[in-house]
Structures are given as structure tokens and as C-alpha cells.
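[1] Provide a 3D model corresponding to the input given below.
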Amino acid sequence: MAENGTGNIDLVDRGIVRSWLTWGFFWAVLAPIIGLILSLMFNYPTFLSTQYSHFGRLRPLHVNGVILGVFSALFFGLAYYMVPKLTGIRMHREGWSRYPLYLWNGTLLAAFTLLLMGYNKGLEVAEFPNPLPVLLALALFVIAYQVFMTIARRKEEKIFVSLWYIISALVWTGMNLLYGNLVIPYVAPGINNVALHGLYIHYVVGLWITPAGLAVIYFFLPAAARSPLYSHKLSLVGFWSLAFFYPFVGIHHYLYSPIPAWTQTVAIFASMMLIIPVLTVVVNFFGTLKGNWGSFQRDFTVKLMIFGAAMYFIGSVQGSFEALRSLQQPTHFTDFVIAHSHATVFGGYVIFVLAACYYVWPRVAGAPFHAPTAQWSTWMIMGGISAMILILVTQGLIQGTALMAGAEFVDTVASMKPYWFLRMLAGLTMDVGIALVGINLYLTARRAGEGRP
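    Take a look at the predicted model:
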């Protein structure tokens, strides 16, 4: 099956791509369902509350399920598609590809079971009991070795921007997994532990999800729109400014804390400077569609990716300004922060990988997807996340201003109840939209297996 872009579809191991994406959609059903249960618990605290399913046990499953399950599994599948096409050769040691597939997803299944049983290290996105994080790192290292050796043996002279982001994501995250799980819990007690964990959790977002997600959109948006990237120079400015400034932002959630004031100021400065890579990325993506906005109407990949780019811009700029001391007073410890995390992680990066699946799956499955179902899923995802962000921002500002006026914290929490119910409905809309994407792609593969067009 010939295809626009570097190389040809025969370079790709279709089976491994399908397997990773299938696992990704398994997590994409499980993690949002857990999120929906958690949102119900805000209104109905005793709902499904047992020894193994209370809020404290389920929340790590939701957060890790989205980051390490949904996003990471889909990204790995897309990486096994992108790297051969960008290098012009098949993946190095292709026979090894199933080892990280089984190791990564098997480790997640074991980790989630242990979390439900109460085994938890107590650090966000570093909850998995040892030695399970080492197994995740091992799977990541195998993939990194395959990617790096494929790039080293490439037929294409240039290293495209997507490869820059893939390389950086794999290198930074391999180190960060070990740092967050094997170093922080044991070397720094008290406030120092909080400061170091602030760095770790932001490295998960900024040095894993961000470069991996941008690698996806830098590859698939021009390919789906059939337009050249607007500016290669802008892409380099975005890459290096991300690499330079993001490592310093981790303290910006701990302003007014006992952490040294100079580190808080550095984090604020770095957070504001992150507007540079955000602007370069958004200008590049919207510029890529210059003169070709018709593809936004026709192509589901383009539609979702441009929407995701808009949410990425909103969430990232929101995060930068949220780091200012004057703006953190009415927003900290409120749902405003939750709006920011959902806008960036789901609204931006998860939507990037979901959009890319609409491009990749028909090419590796051999049949087109069902357009009306795709239309419904797209609007439900876009409408659900937009409503959720609006609701969370509103309730966060209401709660924050009430706290600044001297209200008791418990009273502000009680006043949020109707908003939490609306947020639950918005989340349900998103979840159904994601499920429709998975069902659509499953039926696509089934039609291909039956030999139907």
C-alpha cells in the first residue's frame, strides 16, 4: 500500500503497530471508566467504596492509566510506524518488538492489581511498588535501543524533527523513571522530597508526554493535510527552548512553601519562558494548514490535531500564568489546577495520539474506518473536554475567591457539588467518544479480516 511521505508502508511491522494500538485502546476504555467512577464519588462518596475500590486506591489507577497506559501505549505503536518511515528502513531487531509490548503492558496489569491491594509508594506517578518500575524502564530501553540503532542505520540523510522529539522523549524518560522511583523515595526526606518530586512529576509531563506528543503531531499533521511543515527553523526553536526551560519548572506548584525562595523564582521564570516553545509549536501547526484549511473539514486526523493544538495552547499558557505568585493565590488547591492538567494531557496530547490512530489504523488494518461514527466520536471528544475545562475553571475561580475572602475550606468544597455533577456529565461524554474511536477501529480491523472494503 503506497503512501505519501518517506518510505512505504512495507517498511512497517503492521502487527506490532496494531498490537500496541489495541493495548492503548484497552487502557483508553479502562482509565476513563475509573475517572468516571472517581467523579461520581465527589457527589456520592460511598459509591463503590470498598476496601479495594475507595478513592485513594482508584485515583492512581486513573492517573497512571492515562499517562502510562493510554498515552504511552498509543505513542509506542505510533513510534513503530513513524521511525521506519522517517529513516527509510525497517526497525532494527524487529523480532525484539514484542518483548517490550508484553513487558510494558504486563507490568501495568500487575502494578494496577497491587495498587488496588494497597501496595503504594505514595508519590504521584511513582506509586508502583518496586521492582515494577525497573521493568517499565527495561521495556523503554529496548524500544530506545531499536529506535536509536534504526536512526543510526537510516537511509535518509536528515533527521526529521519528529525523530528529535522521539529521541529526547526516550532518553529523558528512561532516566526519569529510575530517578523518580528508585532515588527520590529514599534519599531526601521532608521538604526536599517534595521539591525533588515536583521536578519528577513535571519531567513526566514535560520530558515524556510533551516531546512524545509533539513528535506525533509533527509527523501526522503534515502527512494527513498533505502540506509541508510550515517552518523547520521554528520547530528547532521550539525543541531547544523546551529542552532548556522545562527542567526548571517543577517547583512552581510549591510557591509560598518552605522550599527556598530562589528556587521558586527560577521555576516562575522558566514557566513563563515556556510560552516560547508553545507559541512556536502552535504557529507551526496552524501555518502548516495555510491555504489548505479544507483538510480541517475533510480529515478527522487534521480536525482532532488542530483542536488538540488549540487545547495545548490554552492549557500551556494557563499553566505558565498559573505559576505567577499573584495568580496562584486564587487558583492553588482548587479545580483550576485540574482544568490545566486535563486541558494539556487529555485535550492536547491524548487527542494527538487518538487523531494519529485515525491515520495509521486503516493503513495497518487494510480497511477504511466508518466516517459517521468517527464524526460522532470527534464531536463528543471535543465537546466533552471543552465543557470539562470550562466547568473546572469556573469552579476553581469560585472556590479560590471564596477562600481569599475568608471562607472555610470545607464550605467551599461543599459549594462545588453541582459543578462536580456537571463535570461528571462532561467526562461521560468524553469517555463515550473515546470508546466510539476504539469500536470504530475494531470494526475496521474486522472488516479487513473478512475481506470487505
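[2] So which residues of the stretch 251-400 of the chain form helices?
    For the stretch 251-400 of the chain, applying DSSP state H, counting those that start in this stretch gives helices covering 261-273, 275-288, 294-298, 300-322, 325-328, 335-341, 351-365, 371-404.
[3] out of those, which comes closest to residue 72?
    Nearest to residue 72 among the helices of the stretch 251-400 of the chain is helix 351-365; the distance by C-beta to C-beta comes to 9.3 Å. To be clear about C-beta, it is placed using only N, CA and C from the backbone, and glycine gets the same treatment.
[4] which strands and helices sit next to the closest one?
    Applying 3 or more C-beta pairs under 8 Å, 6 or more residues apart in numbering; DSSP states H and E, one finds that helix 351-365 contacts helix 14-43, helix 72-87, helix 210-225, helix 300-322, helix 371-404, helix 417-449.
[5] mind checking which of those is nearest residue 232?
    helix 210-225 (10.1 Å).
[6] pLDDT of the helix or strand just after the closest one, averaged?
    The C-terminal neighbour of helix 210-225 among helices and strands, as given by DSSP states H and E, is helix 232-245. Model confidence over helix 232-245, given as mean pLDDT, is 94.
[7] Sort out which residues of helix 232-245 are buried, please.
    Within helix 232-245, the residues that count as buried by 16 or more other C-beta atoms under 10 Å are 234-235, 237-239, 241-243, 245.
[8] same check, this time on stretch 368-384
    Residues of stretch 368-384 classed as buried: 369-370, 373-374, 376-378, 380-382, 384 (neighbour count, 16+ other C-beta under 10 Å).
[9] what do you get for stretch 147-164?
    147-148, 150-151, 154, 160-164.
[10] I figured residue 141 hits residue 174, correct?
    Yes - in this structure, residue 141 is within contact of residue 174 by C-beta atoms under 8 Å, at 5.8 Å.
[11] Comparing the two, which residue is more hemmed in?
    residue 174 (18 against 14; other C-beta atoms under 10 Å).
[12] Could you double-check that the more buried one lies in contact with residue 139?
    No - with contacts counted by C-beta under 8 Å, residue 174 stays clear of residue 139, the gap being 10.1 Å.
[13] Export the buried residues of helix 232-245 as a markdown table, with columns for distance to residue 266.
    What follows is these, written out as a markdown table (distance: C-beta to C-beta, whole Å):
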| residue | distance to residue 266 |
| --- | --- |
| 234 | 26 |
| 235 | 26 |
| 237 | 22 |
| 238 | 21 |
| 239 | 21 |
| 241 | 16 |
| 242 | 17 |
| 243 | 16 |
| 245 | 10 |
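[14] related to what we said a few turns ago, identify those among the buried residues of stretch 147-164 that sit within helices.
    Cross-referencing the buried residues of stretch 147-164 against helices under DSSP state H gives 147-148, 150-151, 161-164.
[15] can you list those in a markdown table and add pLDDT and distance to residue 44?
    Converted to a markdown table, those look like this (pLDDT from 0 to 100; distance: C-beta to C-beta, whole Å):
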| residue | pLDDT | distance to residue 44 |
| --- | --- | --- |
| 147 | 98 | 46 |
| 148 | 97 | 49 |
| 150 | 98 | 50 |
| 151 | 97 | 51 |
| 161 | 94 | 47 |
| 162 | 96 | 44 |
| 163 | 97 | 48 |
| 164 | 96 | 47 |
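[16] got the contact list for residue 357?
    Residue 357 makes contact with 21, 24-25, 74, 78, 437, 441, according to C-beta atoms under 8 Å, 6 or more residues apart in numbering.
[17] likewise residue 74?
    Contacts of residue 74 by C-beta under 8 Å, 6+ apart are 20-21, 24-25, 28, 353-354, 356-357.
[18] cool, and residue 251?
    Counting by C-beta under 8 Å, 6+ apart, residue 251 makes contact with 195, 198-199, 259, 263-264, 266-267.
[19] For those, pick the one with the most neighbours.
    Going by other C-beta under 10 Å, residue 267 tops these with 24 neighbours.
[20] Would you confirm that that residue contacts residue 249?
    Yes - shown here, residue 267 and residue 249 form a contact pair, counting by C-beta under 8 Å, at 5.4 Å.
[21] any shared contact partners between those two?
    residue 323.
[22] List the buried residues in stretch 130-150.
    132-133, 135-140, 142-144, 146-148, 150.
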